[in-house]
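Colleague: Sequence and predicted structure below; questions after.
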Amino acid sequence: MKIGTERILTTHVGSLPRPQDVVDCLFAEDRGEPVDPQIFDSTLRRAVAAVVARQSEAGVDVVSDGEMGKISYATYIRHRLTGFDGDSARPTPQDLDDFPEFRDRLVKAGASATYKRPVCKGPIAVKSLEPLRHDIARFQDALSRSRVTEAFMNSVSPGTIAVFQPNEYYSTHEAYVAALADAMRAEYETIVNSGLLLQLDCPDLAMGRHSRFKNVDDAQFLRWAELHVEALNHALADVPADRVRFHVCWGNYEGPHTHDLPLTTILPIALKAKPMGMLLEAANPRHEHEWEVWKSQKLPEDKVLIPGVVATTSNYVEAPELIAQRILHFAELVGRDRVIAGTDCGFGTFAGFGPIYPSIAWLKMQSLARGAAMASARLWEHADSASR
């Protein structure tokens, strides 16, 4: 994983707005409808090439394929693992349940996003790595024609699969998560062996508390979070830590977030995860203040912090000056060479549905790059002055 030695690098969480033809292909595949493989591949290939080029033009250093080949960051796995079938209810977060009229309005707004959340009804195993290999090939083809610093590909963590896909087969939650960890090793290793960085999406460590596990107490949730980190580390046994980053979030949705656990509660567990890079929400109104945690919490020497300095549930475009301020908060506490500027979450969490208007997402990316440049000038100019 590259870090900035002369300036603050920029990145994001992974998903980006998908063109309508990509959305149509993904939903047809998810419904089990016949899709011409050549049309599917050419449609996604064009979209990946375009999204990589657009990231580069916006000034993003560490880019993704926009998750063009995934209908969502967690439910795509039904096409790659055995054991999943059918559909399941979508548990709404506790903070939305507290305001049922507001919750119902959000549910109605997203009613068109009829993707499946299957249930685990049989033994988990690798079904096929071909969809992953196609994703990698399309991404590498696009990268060969772009000038970027580095590239990453998203994959879902074992714990997050368990949060989104309920278990009706394994006798315990522990057994279910262990089976998922064993099955996901192949995907993680394939991504890293391709030369890409691996990003693991881990909202199970935060959002899981007020969604799937909202009916247990904090102590039980934290025990399961610890179990999820252990399973993640097991799945990464043969993957170097410096080729992996992981994203922890409380849910990429507009809401009161009044049941979000504080960062201080989950951080001791999250810091036990093997990946070198840690992406955290730090721009939205519920978590922006938590940069101060790093005044007392030491960032382990083998970690790099990737705070969200751009929000992903508001169509406000952050001023570059504000982004620079946010970056400086972290860089002055943990070191300028241990911070990469990121986003709170993705801009296309679910295909065809999201709170950010697509063209505004790209304005946010441009502002991110400008803000990082401003922060870099401050950080390196001050260091140069001090050395003279």
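Modeller: It's in. Here the structure is a predicted model, which means the values were calculated and not measured.
Colleague: List the buried residues for the helix or strand where residue 21 lies?
Modeller: Residue 21 belongs to helix 20-30 when assigned by DSSP states H and E. The neighbour-count check on helix 20-30 (16 or more other Cβ atoms under 10 Å) flags 22-23, 25-27, 29-30 as buried. (Each C-beta comes from the backbone N, C-alpha and C, glycine too.)
Colleague: okay if I get those as a markdown table plus pLDDT?
Modeller: Formatted as a markdown table, the buried residues of helix 20-30 follow (pLDDT from 0 to 100):
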| residue | pLDDT |
| --- | --- |
| 22 | 96 |
| 23 | 95 |
| 25 | 95 |
| 26 | 94 |
| 27 | 92 |
| 29 | 91 |
| 30 | 90 |
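Colleague: which among these gets closest to residue 140?
Modeller: Closest approach between these and residue 140, by Cβ to Cβ: residue 22, at 18.3 Å.
Colleague: what's the closest non-adjacent residue to that closest one?
Modeller: residue 47 (4.8 Å; Cβ to Cβ, 6 or more residues apart in numbering).
Colleague: Would you agree that neighbour is in contact with residue 67?
Modeller: No. In this structure, residue 47 is not within contact of residue 67 by Cβ atoms under 8 Å, at 10.5 Å.
Colleague: if we can go back for a sec, make JSON lines from the buried residues of helix 20-30 and add distance to residue 366 to it.
Modeller: Shown next, in JSON lines, are the buried residues of helix 20-30 (distance: Cβ to Cβ, whole Å):
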{"residue": "22", "distance to residue 366": "23"}
{"residue": "23", "distance to residue 366": "24"}
{"residue": "25", "distance to residue 366": "28"}
{"residue": "26", "distance to residue 366": "27"}
{"residue": "27", "distance to residue 366": "30"}
{"residue": "29", "distance to residue 366": "32"}
{"residue": "30", "distance to residue 366": "32"}
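Colleague: and of the residues you listed, the nearest to residue 378?
Modeller: Residue 378 lies nearest to residue 22 out of these, by Cβ to Cβ, at 39.3 Å.
Colleague: which residues in this protein form strands?
Modeller: 62-63, 84-85, 119-120, 150-156, 197-201, 244-248, 277-280, 304-307 (DSSP state E).
Colleague: Could you export these as TSV, including mean neighbour count, distance to residue 93 and mean pLDDT?
Modeller: Formatted as TSV, the strands of the chain follow (neighbours: other Cβ atoms under 10 Å; distance: least, Cβ to Cβ, whole Å; pLDDT from 0 to 100):
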stretch	mean neighbour count	distance to residue 93	mean pLDDT
strand 62-63	26	30	98
strand 84-85	18	23	94
strand 119-120	22	20	96
strand 150-156	23	19	98
strand 197-201	25	17	98
strand 244-248	26	16	98
strand 277-280	26	19	98
strand 304-307	25	23	98
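Colleague: pretty sure residue 225 contacts residue 265?
Modeller: No. The pair residue 225 and residue 265 does not pass the contact test of Cβ under 8 Å, sitting 9.6 Å apart.
Colleague: and those two? which has more neighbours close in?
Modeller: residue 225 (26 against 15; other Cβ atoms under 10 Å).
Colleague: residues touching that one, list them.
Modeller: Taking Cβ atoms under 8 Å, 6 or more residues apart in numbering as the criterion, residue 225 is in contact with 159, 204-205, 208-209, 266, 269.
Colleague: Keep only those of these that are in helices.
Modeller: Secondary structure assignment (DSSP state H) places 159, 208-209, 266, 269 from the contacts of residue 225 within helices.
Colleague: re earlier: the contacts of residue 225 into a markdown table, with extra columns for neighbour count?
Modeller: Converted to a markdown table, the contacts of residue 225 look like this (neighbours: other Cβ atoms under 10 Å):
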| residue | neighbour count |
| --- | --- |
| 159 | 27 |
| 204 | 29 |
| 205 | 30 |
| 208 | 25 |
| 209 | 27 |
| 266 | 21 |
| 269 | 18 |
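Colleague: of all those, which comes closest to residue 247?
Modeller: For the contacts of residue 225, the nearest to residue 247 is residue 205 (9.6 Å; Cβ to Cβ).
Colleague: OK, contacts around that closest one?
Modeller: Residue 205 makes contact with 159, 225, 228-229, 248, 266, 269-270, according to Cβ under 8 Å, 6+ apart.
Colleague: Let me know the closest of those to residue 215.
Modeller: Closest approach to residue 215 among these (Cβ to Cβ): residue 225, at 15.6 Å.
Colleague: how near is that closest one to residue 155?
Modeller: 19 Å (Cβ to Cβ, to the nearest Å).
Colleague: cool, residue 301 as well?
Modeller: 26 Å.
Colleague: Could you do residue 61 as well?
Modeller: On the measure of Cβ to Cβ, residue 61 and residue 155 end up 21 Å apart.
Colleague: ok, now residue 131?
Modeller: As judged by Cβ to Cβ, residue 131 and residue 155 stand 12 Å apart.
Colleague: which sections of the stretch 151-300 of the chain are below the confidence cut-off?
Modeller: Counting by pLDDT under 70, the stretch 151-300 of the chain contains no low-confidence range.
Colleague: What are the boundaries of the helices in it?
Modeller: In the stretch 151-300 of the chain, the helices defined using DSSP state H, counting those that start in this stretch lie at 158-164, 173-193, 207-210, 218-235, 263-270.
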